[in-house]
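my questions concern the predicted model and sequence given below.
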Amino acid sequence: MFFLSCEEDFPKNMESDKYTVLKSIKILNAGVEGNTVVEGTVDEVSKKVSFPRIDPETDVSAIRFEVELSDGAKLDRETYSFNFAEGVDANTIVVKVINEPRFREYFVELRLNVPLFGADFNKPQIIDHTNNELGNPIYPVFTGSTTRGSGFDGQHVLIVTRNAMGSHLLDVNDLRNGEINPIPLNLTGVTGGTFPVNLGAQVHGHTYIANLSGGLVSPLKIYHWTDPSQEPQVIANINKGTIAGAGARHGDNLSVNVDENGNGHIYFGDNAVTQILRFKVTNFTEISEPTILGTQKGLGGFMNINRIGNSDQYLLTGHEAPIMVTNADAEVIYKMDNTSIPIRASDPRVVYFNGERYLLTVTAARGGSDPVVMYVYDITRGGSITEALEIFEAGSKSPVFQYSLLGPVNASPSTQTGWHVTKDEEGNDDKLVLYGASNDAGFVMVEFPKKSLDE
């Protein structure tokens, strides 16, 4: 028996002098007049070509290059179009260097020298005192449902607690430095109600704390400090039996909306969700005009209503209701869909920073599958807040930032948010600080720089 074998006829690698190397490249027609030359950098390893940022008035639909190539090579076309999507400052296309029968592809990126707006959510600086294991341990008084209230004004964090430690302030700069130095509030005369303290707010350097008033006769009290070492002012001591239509229990929620001059309103929704009790505030401490307002289905005992900037509109929500835009009388102007963002989103605020507008919330752990998460959504587009929310709901509805506080489910998931903008030496927005807290979850501050052009 004979076996014959034959050699396979595989293709052989053929040496060629048809090289396709891009040695150097320039844009010849950048700028408004189309006569600015911009030199690029070629990375032969990655096959990437980059340029310094160019004038946004450049005709990017017909970019012309001057190149140095291997002998006999040429580009695959005379001009190139870079189509920039709205709001995008960079685009990359493929450019071919051809030397028949060979070619080589390079990835050429153009970046526009455009002004950037808003915060850089890719660069958070997180000061965490929550259950999240990525940060510090949970702030110690946020356990056993003894701390249901907190506040934030950019200078201080307010902790409202039934814990033996007592209600106090924390300096934000100390927290940035990793230091915990509680500043005790003088609680002389803080008595009365089902619980003497329950919720609070920190606004423009002013501290407010309200008690939990569990009956019509039980006094509803509001205390005020500007100096934590001094005895508080009792700015409200109200027998709710004297207010026709007042509900039986207030203090599970508190929304303080006063401007930099101390004028505005304070809102309490009763626990049974039968009405909203509003007070007028003048000069930070003068409380008047108790008014009963209608409520909305699903607000629950932990509702929030927050003013939108200096406008006459507010964001209203609760743990089982979508976010609503209302007027000062809590009359609904616009209601978001139940599924646009998590229905547990609480204490919503409209945040303004560096030319952009955001929606900030922290979700509440009301049920077994509910997480406690800080969410930030971009709602910049749109002239009014209702138009902005309409555009947002028609889009992807994806958050631009989120952070978990890892709070457990509890029967009283009181939740707070806050925000503050720091300015640079020229008075421009420089950094955005967001705040979130929840009962038995702790609190977190997250600082973001403004967006900047990279070179």
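Perfect, thanks for sending it. Remember, it's a predicted structure, so these values are computed and weren't measured experimentally.

what segments of the stretch 151-300 of the chain are helices?
172-176 (DSSP state H, counting those that start in this stretch).

quick one: the strands in it, in order.
Assigned strands in the stretch 151-300 of the chain, in chain order: 156-160, 168-171, 183-184, 195-203, 206-212, 220-225, 233-238, 255-258, 264-269, 276-282, 286-293 (criterion: DSSP state E, counting those that start in this stretch).

which one of those is the most hemmed in?
Here the criterion is mean neighbour count by mean count of other CB atoms under 10 Å, and of the strands of the stretch 151-300 of the chain the winner is strand 156-160, at a mean of 26. For the C-beta atoms, the positions are set from N, CA and C on the backbone; glycine is no exception.

okay, angle between it and strand 220-225 too, please.
150 degrees (axes from the mean of the first three to the mean of the last three CA atoms, to 10 degrees).

what helices or strands is strand 156-160 leaning on?
strand 149-152, strand 168-171, helix 172-176, strand 195-203 (3 or more CB pairs under 8 Å, 6 or more residues apart in numbering; DSSP states H and E).

now render the strands of the stretch 151-300 of the chain as TSV, adding mean pLDDT and distance to F392.
Formatted as TSV, the strands of the stretch 151-300 of the chain follow (pLDDT from 0 to 100; distance: least, CB to CB, whole Å):
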stretch	mean pLDDT	distance to F392
strand 156-160	98	29
strand 168-171	98	33
strand 183-184	98	39
strand 195-203	97	27
strand 206-212	98	31
strand 220-225	98	35
strand 233-238	97	37
strand 255-258	98	23
strand 264-269	98	25
strand 276-282	98	26
strand 286-293	97	27
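
wait, which of these is closest to V444?
The closest of the strands of the stretch 151-300 of the chain to V444 is strand 156-160. By CB to CB, the value is 10.3 Å.

how far does the closest one sit from the chain's center?
Centroid displacement of strand 156-160 relative to its chain, using CA atoms, centre = their mean, to the nearest Å, is 20 Å.

isn't there a strand covering I93?
Yes. Remark: I93 belongs to a strand, assigned using DSSP: H, G, I helix; E, B strand; the rest coil.

what are the bridge partners for it, then?
V108 (DSSP bridges).

neighbours around it, how many?
Neighbour count for I93, taken as other CB atoms under 10 Å: 14.

ok, T146 next?
Neighbour number of T146 under other CB under 10 Å is 16.

from memory it sits against V160, does it?
No. Contact criterion CB atoms under 8 Å: T146 and V160 do not qualify, at 9.9 Å.

turn the helices and strands packed on strand 156-160 into a markdown table, including distance to M374.
Below are the helices and strands packed on strand 156-160 laid out as a markdown table (distance: least, CB to CB, whole Å):
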| stretch | distance to M374 |
| --- | --- |
| strand 149-152 | 12 |
| strand 168-171 | 18 |
| helix 172-176 | 16 |
| strand 195-203 | 18 |
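
nearest to V42, out of the ones you listed?
Of the helices and strands packed on strand 156-160, nearest to V42 by CB to CB is helix 172-176, at 43.0 Å.

against which helices or strands is the closest one packed?
strand 125-130, strand 156-160.

10 Å instead?
strand 125-130, strand 156-160, strand 429-438, strand 442-449 (3 or more CB pairs under 10 Å, 6 or more residues apart in numbering; DSSP states H and E).

quick one: average confidence on it?
For helix 172-176, mean pLDDT rounds to 98.

would you mark the buried spots in that helix?
V172, L175 (16 or more other CB atoms under 10 Å).

what does it rub up against?
Helix 172-176 is contacted by residues 125, 127, 129, 136, 152-157, 179-183, 420, 433, 435, 443, 445, 447 when judged by CB atoms under 10 Å, 6 or more residues apart in numbering.

dump that helix to PDB, keeping only the CA atoms.
The C-alpha trace of helix 172-176 is given here as PDB (Å, rounded to 0.1, in the frame of the first residue of the first chain):
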ATOM      1  CA  VAL A 172     -19.100  71.400  56.400                       C
ATOM      2  CA  ASN A 173     -15.400  72.200  56.200                       C
ATOM      3  CA  ASP A 174     -14.800  69.900  59.200                       C
ATOM      4  CA  LEU A 175     -16.600  67.100  57.300                       C
ATOM      5  CA  ARG A 176     -14.400  67.800  54.200                       C
END
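
and it, how far out from the chain's middle?
20 Å.

go ahead and confirm G135 touches G442.
Yes. Between G135 and G442 there is a contact at 8.6 Å, judged by CB atoms under 10 Å.

and these two? which has more neighbours close in?
G442 (28 against 16).

how about that one, nearest residue that isn't a chain neighbour?
T130 (3.5 Å; CB to CB, 6 or more residues apart in numbering).

what sits against that neighbour?
By CB under 10 Å, 6+ apart, the neighbours of T130 are 136-139, 142, 372, 374, 403-407, 436-438, 441-444.

redo that, cut-off 7 Å
I138, L405, L406, A441, G442, F443, V444 (CB atoms under 7 Å, 6 or more residues apart in numbering).

could you do V350 as well?
I308, G309, L315, R357, L359, I385.

let's have the strands of the stretch 151-300 of the chain in a markdown table, adding distance to E68.
Output for those, formatted as a markdown table (distance: least, CB to CB, whole Å):
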| stretch | distance to E68 |
| --- | --- |
| strand 156-160 | 60 |
| strand 168-171 | 60 |
| strand 183-184 | 67 |
| strand 195-203 | 63 |
| strand 206-212 | 67 |
| strand 220-225 | 72 |
| strand 233-238 | 77 |
| strand 255-258 | 65 |
| strand 264-269 | 67 |
| strand 276-282 | 71 |
| strand 286-293 | 74 |
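
in the stretch 351-455 of the chain, which spans are strands?
According to DSSP E, counting those that start in this stretch, the strands that the stretch 351-455 of the chain contains are 356-363, 373-378, 401-404, 415-423, 429-438, 442-449.

ok, the fifth one: who's next to it in the sheet?
Here strand 429-438 has these sheet partners by DSSP bridges: strand 415-423 (antiparallel), strand 442-449 (antiparallel).

closest to V37 out of the strands of the stretch 351-455 of the chain?
That would be strand 442-449 among these, by CB to CB, at 33.1 Å.

how much does that closest one deviate in direction from strand 125-130?
Going by the same axes, to 10 degrees, strand 442-449 makes 180 degrees with strand 125-130.

pull the residues that contact strand 442-449.
Taking CB under 7 Å, 6+ apart as the rule, strand 442-449 contacts 119-121, 123-131, 138-139, 142, 150, 157, 175, 374, 403, 405, 431-437.
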